[in-house]
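# One predicted model, sequence on top.
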Amino acid sequence: MIDNRRWLSFINSGFLLGLCLCLVTACGSSSPSEKQKLIPLHEINSSTGQESETRDSVPRSATERRTPKVSSYANPPATPSTSNSTELVFKIVALHKNVKQFLEKSEKNIDLAANSAQRSLDSTFQKNFGFYQPGSVRVDLRQNRLTLRLTSEDVSDLVRKINEVCYQHVTIAPLDKTLRETLAAESGENSLVKQELHYFLLKISPEYQSQVDQNFQIGSEALRLILNERFKSEVPEYVPDSLVLDLEYKKLTFEVITNPSKNLGVQINALYQLPVSISSDPYRTIALRTEGQIKPSQVTYDIISIADFHESALENPESYHFWRRDLISDLTKRLETGVSGFVPHSLNVSLLKKTVTFQLDHIPDQQLSEYINNEDSGSVNLKISAVPVLIEAPGPVFWTPNRPLKRIVLKILLAERILEAAFKQPQSLRETEIQDIYRHLDNILNSDVDGYITKSVGVDFQTMQLSFQIDRVPPDDLIKMVNSSSFLCLDVDQEPVSVEDVDYDPQASEKTMYFSFVNRGQKLPQFDKLTLKHLANGNLCAIEGYIPGSLQMDFDQETLNIKVRVVGDDATDIDAVKTALARIYIECTHQSTTLPASNGKGNPLQPGMTARRTADPAPIKENVKVTVKYGLFGGGSKGKPLASARDALDGFSWIDLKTLQFNEGDKEFSFETTGPFNRGALERSLKRQKFYQCVISHEALMKKEEPKEE
């Protein structure tokens with residue numbers, strides 16, 4: 001039985017072997033002569049309409065399999081379908097480290113390098129671009145071409161999008177045109193706003209650093225020329241010859257033709273054997289708009305959210321002042337440091353209407369709100385709407401930092417604690433007691449009311465009125481700021497008694513102080529000349545009477561000068577300036593002070609003079625066209641300026657209401673008169689209808705010529 005089993009096993013093995021031989025014979029095998037030659041990657045033709053393999057001249061049997069095509073790489077991407085797709089070809093302007101490492105040893109590795117780059121790019125494009133046709137990318141390192149297919153024809157800014165994701169391998173540019181010409185053709189020449197980018201200079205290669213050490217000037221210039229040539233040929237966005245190398249402050253500055261790629265610094269650092277390395281992100285970006293691109297605008301955004309902590313803190317009267325300032329200060333910093341074209345001192349935040357208004361030298365796009373709301377650049381306490389709810393021409397100045405603009409008169413409803421007795425028996429107050437009351441009110445208002453002008457407070461004990469000057473048009477939460485100040489010991493009415501213009505003459509009220517200085521701080525990019533001036537201006541704002549923005553610095557001559565309201569003695573101001581600037585390592589020496597001219601309007605103890613008319617101007621007898629420009633309409637959200645303008649003009653028999661023309665966008669209306677023009681009466685009527693900051697002008701009407709009789 002054992003012999004039988006062995007014999008049966010031998011028979012089964014022989015049967016299986018015979019079956020395998022039959023299958024091999026039936027299927028056939030390709031002869032060596034039928035195999036195609038290896039095709040280098042750079043010779044693969046990606047054009048449409050060609051077959052992937054050649055046919056034999058002699059027909060094959062139905063059971064015969066054709067020989068598979070062999071390429072120069074092990075696992076080629078699937079041949080893409082060319083239907084409903086567009087083939088694009090770009091030139092490769094730079095090879096990066098992941099490609100160059102294949103080419104360092106021998107020129108024979110060019111196909112291997114192309115193969116590696118092609119496979120990696122195919123995977124990267126599939127992950128990042130829905131419009132990319134998988135498997136269609138081709139890299140030709142002999143002709144420096146990159147080819148790919150798109151399933152959508154409407155893809156804008158494609159070169160920049162590709163470079164953002166493939167920077168580890170190659171950098172591309174348009175084949176026949178420059179990147180600027182391509183972008184201009186897509187969106188228009190006027191849409192291309194040049195950007196000046198400031199980067200930290202992190203490292204210089206040893207061979208170039210040694211040249212700089214031997215001769216700073218010659219070595220620096222040689223390095224700048226090398227970088228300029230590399231950027232011109234390998235950075236498509238670069239504006240030729242715009243590169244500035246500042247080795248003293250360790251910074252690199254250059255211009256690009258439009259908004260740069262988000263990772264442009266990373267792309268530059270990936271350039272092969274670049275003699276420097278820079279920060280991945282610029283620390284400063286400045287838009288360089290041409291005269292044709294300057295379009296001054298005033299924009300208003302809705303506040304869509306306030307951080308929960310700030311929202312609750314603002315509900316508490318005791319913390320209202322501090323967190324209000326913190327909220328506005330954060331937004332101001334973002335606008336001043338990150339938005340090119342922002343007009344300083346133009347920000348107005350309305351916490352009651354939930355709006356933000358400011359001025360720019362251009363019409364903003366959605367990138368502005370994205371930047372403001374971007375939490376990656378730091379905590380965001382206030383977020384604004386994606387697009388402005390209102391874009392208009394810039395209005396009149398509403399803020400003159402530290403210079404009186406408006407005088408506010410408020411009705412006192414209640415006096416308590418230390419002021420209660422003073423208002424009950426004001427006639428019994430001694431001069432020293434009145435001075436103490438003024439000093440107390442001045443300190444509290446200066447602490448709690450933004451824009452308050454020091455030593456401008458006044459009290460009328462008989463009529464129960466409080467007055468003071470501020471450097472701006474009153475914010476809509478002014479009354480809330482006053483009543484939230486518990487140490488003021490006063491409660492005021494919700495509506496002001498009056499808001500009056502202030503006649504202020506800087507020439508008669510301000511002095512100019514001159515200093516020499518030495519910069520003792522470290523010369524680093526974050527402390528370059530622009531930043532240093534900004535820091536100095538911020539520190540000087542702590543000085544009583546300093547006019548923000550008046551600082552002038554000459555770093556070559558090492559001199560500076562500032563303007564200060566005359567509210568203290570010169571020696572005190574000199575010490576304050578030295579102390580403020582010493583905090584940022586600027587050592588100052590006082591040179592001289594130019595005192596204000598005396599024309600009767602300068603008054604250090606009561607800055608500014610209320611502009612009141614002693615008598616109405618004489619009526620204008622001839623018929624004229626009157627134009628009224630108003631800076632502020634105080635009718636509230638439900639108010640209608642046109643209806644209020646009609647109410648203001650109604651009742652004057654010398655106004656022809658049929659000629660009224662109203663332009664709410666320009667904050668302007670006009671009309672014609674049919675009798676003597678009474679300007680004083682018109683101004684009072686406009687004020688009753690909540691029109692403020694009015695500028696009234698008139699011009700004679702052209703007399704209609706009567707037709708001549710023939």
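Everything's here; your move.
# Which stretches in the stretch 201-350 of the chain count as strands?
Ranges of strands in the stretch 201-350 of the chain, per DSSP state E, counting those that start in this stretch, are 244-246, 251-256, 276-278, 284-288, 297-306, 348-350.
# Identify whichever of these lies nearest to residue 427.
For these, the distance to residue 427 is smallest for strand 348-350, at 41.7 Å, taking CB to CB. Placement of C-beta: from N, CA and C, glycine included.
# Not counting the closest one itself, show me its contacts.
Strand 348-350 is contacted by residues 303, 327-328, 331, 355-358, 398-399, 475-477 when judged by CB atoms under 8 Å, 6 or more residues apart in numbering.
# would a markdown table of those residues with pLDDT be doable?
Listed next are those as a markdown table, based on pLDDT from 0 to 100:
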| residue | pLDDT |
| --- | --- |
| 303 | 95 |
| 327 | 93 |
| 328 | 93 |
| 331 | 94 |
| 355 | 95 |
| 356 | 96 |
| 357 | 96 |
| 358 | 96 |
| 398 | 90 |
| 399 | 93 |
| 475 | 93 |
| 476 | 91 |
| 477 | 92 |
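# So which of those is surrounded by the most neighbours?
The residue in these with the most neighbours, by other CB atoms under 10 Å, is residue 356 (24 neighbours).
# Doesn't that residue belong to a helix?
No - under DSSP: H, G, I helix; E, B strand; the rest coil, residue 356 falls outside any helix and is assigned strand.
# Now do the nearest residue to it once chain neighbours are set aside, the pLDDT please.
Setting aside the residues directly before and after it, residue 356 is nearest to residue 301 in space (CB to CB, 6 or more residues apart in numbering), at 4.8 Å. Listed pLDDT for residue 301 reads 96.
# measure residue 301 to residue 682 for me?
Note on residue 301: its distance to residue 682, by CB to CB, to the nearest Å, is 35 Å.
# now residue 242
55 Å.
# Residue 165 too?
For residue 165, the distance to residue 682 - CB to CB - is 65 Å.
# What of residue 265?
Residue 265 is 60 Å from residue 682, by CB to CB.
# quick one: contacts for the residue nearest to residue 356?
355, 356, 357, 369, 384, 385, 387, 388, 389.
# Tell me the one among those nearest to residue 620.
Closest to residue 620, out of all of the contacts of residue 301 and judged by CB to CB, is residue 357, at 35.9 Å.
# Dig out what the closest one forms beta bridges with.
residue 300, residue 348 (DSSP bridges).
# contacting residues around residue 673?
With CB under 8 Å, 6+ apart, residue 673 has these contacts: 620, 623, 624, 625, 626, 654, 655, 656.
# Give the buried subset of those residues as a ChimeraX selection command.
In ChimeraX, this line selects whichever of the contacts of residue 673 come out buried by 16 or more other CB atoms under 10 Å:
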select :620,623,624,625,626,654,655
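# and the two most separated of the contacts of residue 673?
620 and 656 (14.9 Å).
# surely residue 565 meets residue 509?
Yes - shown here, residue 565 and residue 509 form a contact pair, counting by CB atoms under 8 Å, at 5.9 Å.
# which of those two has more neighbours?
Under the neighbour definition other CB under 10 Å, residue 565 and residue 509 were set side by side, and residue 565 has more, 27 against 24.
# which one is residue 278 nearest to, not counting chain neighbours?
Using CB to CB, 6+ apart, the nearest residue to residue 278 is residue 199, at 4.1 Å.
# can you check residue 226 too?
residue 275 is the one closest to residue 226 (CB to CB, 6+ apart), at 6.2 Å.
# Tell me, how many residues neighbour the one you found?
17.
# List the residues that contact it.
By CB under 8 Å, 6+ apart, the neighbours of residue 275 are 204, 205, 207, 208, 223, 226, 227.
# Any stretches of the stretch 351-500 of the chain with poor pLDDT?
Regions of the stretch 351-500 of the chain meeting the criterion pLDDT under 70 cover residues 377.
# Which stretches in it count as helices?
Counting by DSSP state H, counting those that start in this stretch, the stretch 351-500 of the chain has helices at residues 366-373, 420-424, 431-448, 478-483.
# Just the buried residues of the third one, please?
Along helix 431-448, the positions that meet the burial threshold by neighbour count (16+ other CB under 10 Å) are 437, 440, 441, 442, 444, 445, 446, 448.
# isn't the fourth one right up against residue 459?
No - taking contact to mean CB under 8 Å, the distance of 10.8 Å between residue 442 and residue 459 leaves them out of contact.
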